[in-house]
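Trainee: take a look and give me a structure for this.
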Amino acid sequence: MNMTSYFRPIVRTGSPRSKDSIFLAETNYWVSEAEQIRFGEKAKLVSINDVPDWWKKRWLKKRADILGMEFGFPKLMGILNVTPDSFSDGGKHVELDAALNQAKFMEENGVDIIDIGGESTRPGALTVPISEEIKRIQPVIKSISSKSKIPISVDTRKSDVASAAHKAGASMVNDVSGFTFDPKLLPFCSKYNLPVCVMHMKGSPENMQNKPKYENILIEVFNFLENQIETLVQAGISRDQIIADVGIGFGKNKGHNLALIKNISLFHGLGVPLLLGVSRKSIISDVAKLDKTIDRVHGSIALAISALGQGVQLFRVHDVAETKQAFDLWAAVNFGE
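Mentor: Next up is the predicted model:
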């Protein structure tokens with residue numbers, strides 16, 4: 001789709017509410033103004049009445065439930081990396097008992113879905129052989145799915161891994177390559193009617209942080225996701241079963257990441273639930289000057305709260321209990337208990 005103007009809804013909560021305002025995706029968030037964004041021009045504020053109907057229709061549309069998750073209020077996706085080298089928790093959950101204990105801990109603290117990955121995609125990471133990735137994730141998924149009703153997502157770029165994960169009990173695929181890495185992954189997800197998360201990444205984990213450049217980070221990421229969502233739909237995946245992720249830290253520098261978080265409400269124009277994955281990422285240390293990833297918890301929650309205020313529906317987090325507590329308090333202030 002060729003567009004010359006993009007519209008970012010200015011999302012608000014509470015009252016008083018403008019008589020011309022509309023509710024975002026049938027939630028308690030509302031919109032009465034938007035920011036018009038064009039290549040090479042300064043963004044300008046416009047009334048909701050000046051926003052084309054195409055954009056407003058996507059803002060208004062209720063987001064369908066996915067795996068029992070109802071997006072009237074944001075949900076938490078717990079991160080469970082069974083890798084020796086992930087940037088934050090590499091090596092902590094490679095043993096089956098440790099992985100199961102972490103899954104149980106997240107479930108007890110209110111997680112809505114668990115995302116299990118067997119390949120690190122941190123900057124500079126190399127591709128893990130398919131057999132090794134399956135060896136890491138399959139027993140964990142099988143064991144968790146046999147003991148819990150919490151839905152499981154598999155974090156993989158590879159169709160063979162997704163197939164093994166699905167057989168073990170995973171019911172969603174989260175692909176950081178945005179379905180550009182393995183051409184067989186999309187047909188597999190379509191065949192089994194699996195919900196998917198499509199993410200933007202510029203380059204590959206091996207090279208994505210080698211001086212990434214954009215003319216306009218917001219428009220370029222939006223266009224990629226819009227085009228990939230259309231590709232998924234054409235392949236037979238229902239738009240109601242697609243989640244979009246702007247890909248914080250994947251081929252972006254500090255300025256790019258901050259711009260995406262500040263303006264993330266633009267991506268409601270995709271008409272699908274939005275996922276933010278910023279937990280413990282280097283953007284926090286870049287701003288707060290921290291040495292250890294474990295010290296990034298507070299910054300992770302601060303960035304999540306910023307996106308929560310813009311109506312983001314799903315948050316991929318390491319620290320489930322801390323994030324849920326912060327979200328519950330934010331909701332009590334903004335929506336009432």
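
Trainee: list the contacts for K211?
Mentor: Neighbour list for K211: N253 [criterion: CB atoms under 8 Å, 6 or more residues apart in numbering]. Every C-beta, even on glycine, is put in place using the N, C-alpha and C of the backbone.

Trainee: now do the strands in this protein.
Mentor: Secondary structure of the chain (DSSP state E): strands at 6-12, 22-23, 30-37, 44-47, 75-81, 113-117, 152-155, 172-175, 196-199, 242-245, 274-276, 314-317.

Trainee: now mean neighbour count, mean pLDDT and distance to S131 too, for the ones you listed, in CSV please.
Mentor: Shown next, in CSV, are those (neighbours: other CB atoms under 10 Å; pLDDT from 0 to 100; distance: least, CB to CB, whole Å):
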stretch, mean neighbour count, mean pLDDT, distance to S131
strand 6-12, 22, 98, 43
strand 22-23, 14, 97, 49
strand 30-37, 20, 98, 45
strand 44-47, 12, 98, 54
strand 75-81, 26, 96, 18
strand 113-117, 25, 97, 16
strand 152-155, 27, 98, 16
strand 172-175, 26, 98, 19
strand 196-199, 26, 98, 24
strand 242-245, 25, 98, 27
strand 274-276, 25, 98, 29
strand 314-317, 25, 98, 26
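
Trainee: quick one: end-to-end distance for stretch 150-170.
Mentor: Start and end residues of stretch 150-170 are separated by 10 Å (CA to CA, to the nearest Å).

Trainee: closest one to F188 among the strands of the chain?
Mentor: For those, proximity to F188 was assessed by CB to CB; strand 172-175 is nearest, at 8.1 Å.

Trainee: show me what the closest one pairs with in its sheet, parallel or antiparallel.
Mentor: Partners of strand 172-175 in the sheet, by DSSP bridges, are strand 152-155 (parallel), strand 196-199 (parallel).

Trainee: and the ones you listed: which comes nearest K42?
Mentor: Using CB to CB, those put strand 196-199 closest to K42, at 28.9 Å.

Trainee: what distance separates the closest one from the middle of the whole chain?
Mentor: Centroid separation for strand 196-199 versus its chain: 8 Å, with CA atoms, centre = their mean, to the nearest Å.

Trainee: who's in contact with that strand?
Mentor: In this structure, residues lying in contact with strand 196-199 by CB under 8 Å, 6+ apart are 153, 172-179, 189, 225, 228-229, 232, 237, 241-247, 250, 275, 277.

Trainee: try it again at 6 Å.
Mentor: By CB atoms under 6 Å, 6 or more residues apart in numbering, the residues outside strand 196-199 that reach it are V173, N174, V176, G178, C189, Q228, I242, I243, A244, D245, G247, L275.

Trainee: repeat that for stretch 141-157.
Mentor: 67, 100, 103, 107, 113-117, 162, 165, 168-175, 177, 181-182.

Trainee: measure the closest residue to I79 other than its chain neighbours to D155 for me?
Mentor: Once flanking residues are discounted, I79 sits nearest to H318: 5.0 Å by CB to CB, 6 or more residues apart in numbering. Separation of H318 from D155 (CB to CB, to the nearest Å): 13 Å.

Trainee: same check on G169?
Mentor: Distance from G169 to D155, by CB to CB: 15 Å.
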